[in-house]
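> the sequence and its predicted three-dimensional model are supplied below.
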Amino acid sequence: MARNFADLYEHSADAVPDRLAVIEGERRRTFAELDERANRLAHHLAAAGAGPGTHIGFHMHNSIETLETLLGCFKIRAVPININYRYQAEELRYVYDNADLEMVVHHRCYAPLLEAVRPQLPKLRHSLVVEDDQGGDGLPTLSQSYEEALENSSPKRDFEERSADDLFIMYTGGTTGLPKGVMWRQEDMWRVLGGGIDFYTGEPVLDEYQQSRAGAALEQPLRWFVLPPLIHAAAMMPTFTALWSGNTVLFEPRFDPARIWQTVARERPNILVITGDAIARPLVDAYRAAPVDAASVFSIGSGAAQLTQPVKNELLELFPNTLVTESIGSSETGFGGIGFAQKDDDPGRGPRVNTGRGALVVDDAGQPVEPGGQGWLAKTGNVPIGYYKDPVKTDKLFRTVDGQRMVITDDRARVEADGAITLIGRGNMVINTGGEKVFPEEVEAVVKAHESVYDAVVIGIAHERWGQLVGAVVSAPAGIDFSGLEDHVRAHLAGYKLPRRIWVTETVARTPSGKPDYRWAKAYAESAEPTHEVR
C-alpha cells in the first residue's frame, strides 16, 4: 500500500467517519463529510484536465476549503503549491510562473491581485474562487465558483492507485531572496513531519494504518488548534498529523488574539500550534487583558520561529500545567529535534533541542562535529529530492557524503557535551563587523528580552571602516531606555554584538509564518535616520 497523504487521510475517514475532523467558527465537517467534498473537488479538477504531477496553487488563508483543496489535489496525485497570500503582484507573478501553475484555487479577497497578474500567466488555464469573510464579497474575478464546481461533481472515491513517490512541494523563503520550491516524496515528508516516525521516541510506526488505528481507539480525540497559516509546513504538517491520527483540527481565518482565546474557551482545544514570538506574544497580551478558561490546553508547540526567553517565562507563568515545546527544522529538513521550555533560562542562548531521526551537525566537508564544536545543521535519512527547477541550489545543499545522502543547511549550530544541539543562527544572514561574525538571531533574542522591547529584527548596516555594523529595528510601545538596553545587551553578549544603530517603529513586520522579515527591516533602515546611535 502507498504511504501517501491522501491514503493516510482516507484511512482515518474509514476508521472514524462520524468524528469531527475540522472546526472553523460555526462550521463543522466530519471525516466523512470532508472526504466526500474533497472527492467532489478532485473529480472536478480531473475533469478540467488535472492529473498526476499537475501543479495547482492554493492562494488561500486558513479555512475548511483550504483543507479540502489540499486533499482533493492529493487524491488525484496532483501537486498543491502554497501561495503566500501576503505577496504583491510581482511576487505573485514570479511564484505562479516559477511553480508552473496550471490551476489555482483562491479566496475571493485575493481576486484583484490574481486578476492583475493573470494576463502574464499563460500556463494558468483554470481557476476556482472560494467565498470568504475577509473583504472579498463582490470582488470581480474570472474564476469559476468553487461551490458550483463541487455541486456538479461526483462524491465517489474511485481514483487510481497512488504512490509513496507522489510529489509534495513546499515553497519557502522570500524574506532574503526569491522563493524556492522544496520537493519531497510524500512518504519521506510523512516520515519526518507527519507522524510516520514518533516525535518523542524516534521509532518508525509499524505501518500506514497505525495512526488511524490508534485514533479510532481514542475515547476522546484530541483537538489541535492550528494558528499559523496552512501555506507553511509549520501549520500544514501538524494539521495532517492530527487528521491522520483521527483527531480534530480547529482553524481561524485570521490571527485575532482575543478571538483565539474566545475559541479556546468555547471549543476546548488540547494543543495550540504556534510559530514563535510573533504569535505567542500577542496571545500573552490578549490573555492578560481578558483571561478565559484555558485549562483544556496541555501543550503549546512552537516551530519555524524562535520563542524568546521572556515569552517562555510568561507562558509558563500563565499556564503552569502546560507543556511548552520548541521544534527545529525547515522545509528542507523536516523535523530536526524538540526542546522543552524552562523558566528563567539564559536569553542569550539559542534554542537547544535533543536531536533524532538523522539530525546532526557537520563541518564544511559534511563530516560530523564532535561535542563542543560548531558546524552546519544537517539531516540524513528521509530528505527532499531537491529544489524545483534549481539544480545549482540543489547541488549546494543536497549532497552525498560517504555514500549517505544528506541536506546541509545554512543554519549554524553547536554540539553540546550531552549530544544536544544549540542553534546559533543562519549562516547566510551573518553580520561581519570588523572581522567578527554576529548572528542576528542571537542578538534578537537578547534585545527582545529587555523589558521595554516588544519585538525586534537585527540586520547588518554597511560601514566604511568596519564593513558592517549591527543594527536593530525595534518596536517599543512605551519607549526605550537606550542606556538600560545597552547595559542589558552587554551583560549577555560581547561588545561587538551590540546594536550600534536602532530604529524605533510602531510595528515590526514579519512573514505570515512569524519569521523576521529582513528585507523589510533593511528597507526601513535605509529609508529613515536611526532613532538612536551608539558612538
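Perfect, thanks for sending it. Numbers count the residues shown, from 1 in each chain.

> okay, CA-based contacts and neighbour counts for the rest of this
Will do.

> what's P291 in contact with, if anything?
For P291, the residues meeting the contact criterion (Cα atoms under 8 Å, 6 or more residues apart in numbering) are W261.

> from P257, how far off is it?
In this view, P291 and P257 are 12 Å apart by Cα to Cα, to the nearest Å.

> for P530, phi and psi?
phi -60, psi 150 (degrees, to the nearest 10).

> what's the burial count for it?
Applying the criterion other Cα atoms under 10 Å, we find 17 residues in the vicinity of P530.

> test my guess that it contacts R501.
Yes - when contacts are counted by Cα atoms under 8 Å, P530 is listed as touching R501 (6.0 Å).

> so the residue nearest to R500 when sequence neighbours are not counted versus R501, what's the distance?
Residue nearest to R500 in three dimensions, not counting chain neighbours: V534, with 4.8 Å by Cα to Cα, 6 or more residues apart in numbering. Counting by Cα to Cα, the gap from V534 to R501 is 6 Å.

> these two: which is more packed in?
Neighbours around V534 and R501, counted as other Cα under 10 Å, are more numerous at R501. The numbers are 21 against 11.

> quick one, what contacts the more buried one?
Each residue near R501 by Cα under 8 Å, 6+ apart is listed here: 469-472, 530-534.

> need the residues you listed in JSON lines (columns: pLDDT, secondary structure and distance to Y110).
JSON lines is the format used below for those (pLDDT from 0 to 100; DSSP: H, G, I helix; E, B strand; the rest coil; distance: Cα to Cα, whole Å):
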{"residue": "L469", "pLDDT": "91", "secondary structure": "strand", "distance to Y110": "39"}
{"residue": "V470", "pLDDT": "94", "secondary structure": "strand", "distance to Y110": "37"}
{"residue": "G471", "pLDDT": "95", "secondary structure": "strand", "distance to Y110": "35"}
{"residue": "A472", "pLDDT": "95", "secondary structure": "strand", "distance to Y110": "33"}
{"residue": "P530", "pLDDT": "93", "secondary structure": "coil", "distance to Y110": "35"}
{"residue": "T531", "pLDDT": "94", "secondary structure": "coil", "distance to Y110": "36"}
{"residue": "H532", "pLDDT": "94", "secondary structure": "strand", "distance to Y110": "39"}
{"residue": "E533", "pLDDT": "93", "secondary structure": "strand", "distance to Y110": "41"}
{"residue": "V534", "pLDDT": "90", "secondary structure": "coil", "distance to Y110": "44"}
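
> of these, just the buried ones, PyMOL syntax please.
Restricted to buried positions by 16 or more other Cα atoms under 10 Å, the PyMOL selection for the contacts of R501 reads:
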select buried, resi 469+470+471+472+530
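
> the contacts of R501: which two are farthest apart?
When the contacts of R501 are compared pair by pair using Cα to Cα, the two farthest from each other are L469 and T531, 15.3 Å apart.

> domain-wise, how is this structure divided?
Annotated domains of the chain cover 5-254, 358-427, 430-533 [automatic domain parsing].

> just so I know, which of those lies nearest T263?
So among the domains of the chain, domain 5-254 is nearest, using Cα to Cα, at 8.0 Å.

> hmm, who's touching stretch 402-414?
Residues outside stretch 402-414 that contact it (Cα under 8 Å, 6+ apart): 332-333, 361-362, 366, 371-381, 383-384, 397-400, 421-428.

> hmm, try it at 7 Å
Stretch 402-414 has contacts (Cα atoms under 7 Å, 6 or more residues apart in numbering) with 333, 361, 372-380, 383, 397-400, 421-428.

> could you list which residues are in contact with the residue sitting nearest the centre point of the chain?
The chain has A234 as the residue nearest its centroid, 3.1 Å off, counting by Cα atoms, centre = their mean. Contacts were defined as Cα under 7 Å, 6+ apart; by that measure A234 touches 303-304.

> what helix or strand is it on?
According to DSSP states H and E, A234 maps onto helix 233-244.

> just the CA trace of that helix, in PDB.
Output for helix 233-244, consisting of C-alpha atoms alone and laid out as PDB, is shown next (Å, rounded to 0.1, in the frame of the first residue of the first chain):
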ATOM      1  CA  ALA A 233       4.700  23.500   6.700                       C
ATOM      2  CA  ALA A 234       4.700  24.600  10.300                       C
ATOM      3  CA  ALA A 235       0.900  24.600  10.100                       C
ATOM      4  CA  MET A 236       0.100  22.100   7.300                       C
ATOM      5  CA  MET A 237       2.000  19.100   8.700                       C
ATOM      6  CA  PRO A 238       0.600  19.400  12.300                       C
ATOM      7  CA  THR A 239      -2.800  19.600  10.700                       C
ATOM      8  CA  PHE A 240      -2.300  16.400   8.700                       C
ATOM      9  CA  THR A 241      -0.600  14.700  11.700                       C
ATOM     10  CA  ALA A 242      -3.800  15.400  13.700                       C
ATOM     11  CA  LEU A 243      -6.100  14.200  10.900                       C
ATOM     12  CA  TRP A 244      -4.100  11.000  10.100                       C
END
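
> so what strands line up beside the next helix or strand after that helix?
Counting by DSSP H and E, the next helix or strand C-terminal to helix 233-244 is strand 248-251. On the basis of DSSP bridges, the sheet neighbours of strand 248-251 come out as strand 20-24 (parallel), strand 223-226 (parallel).

> average model confidence for the helix or strand that strand 248-251 is followed by?
Helices and strands here follow DSSP H and E; after strand 248-251, the next one along the chain is helix 257-267. If you average the pLDDT over helix 257-267, you get 97.

> buried ones in helix 257-267?
Across helix 257-267, burial judged by 16+ other Cα under 10 Å covers 257-258, 260-265.

> ok so, going back, is it true that the residue nearest to R500 touches I502?
No - counting by Cα atoms under 7 Å, V534 does not reach I502; the two are 8.7 Å apart.

> save the domains of the chain as CSV, and put in distance to Y287 too.
Converted to CSV, the domains of the chain look like this (distance: least, Cα to Cα, whole Å):
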stretch, distance to Y287
domain 5-254, 15
domain 358-427, 30
domain 430-533, 16
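
> out of those domains, nearest to N313?
domain 430-533 (10.5 Å).

> endpoints of the closest one, how far apart?
Domain 430-533 has an end-to-end distance of 21 Å (Cα to Cα).

> how distant is it from the center of its chain?
Offset of domain 430-533 from its chain centre (Cα atoms, centre = their mean, to the nearest Å): 24 Å.

> which pLDDT value does the model give the residue nearest to the centre of the chain?
At A234 the predicted local distance difference test score is 89.

> now the helices for the stretch 201-350 of the chain?
If you assign secondary structure with DSSP state H, counting those that start in this stretch, the helices in the stretch 201-350 of the chain sit at 210-216, 233-244, 257-267, 276-289, 309-318.

> nice, that's everything, thank you.
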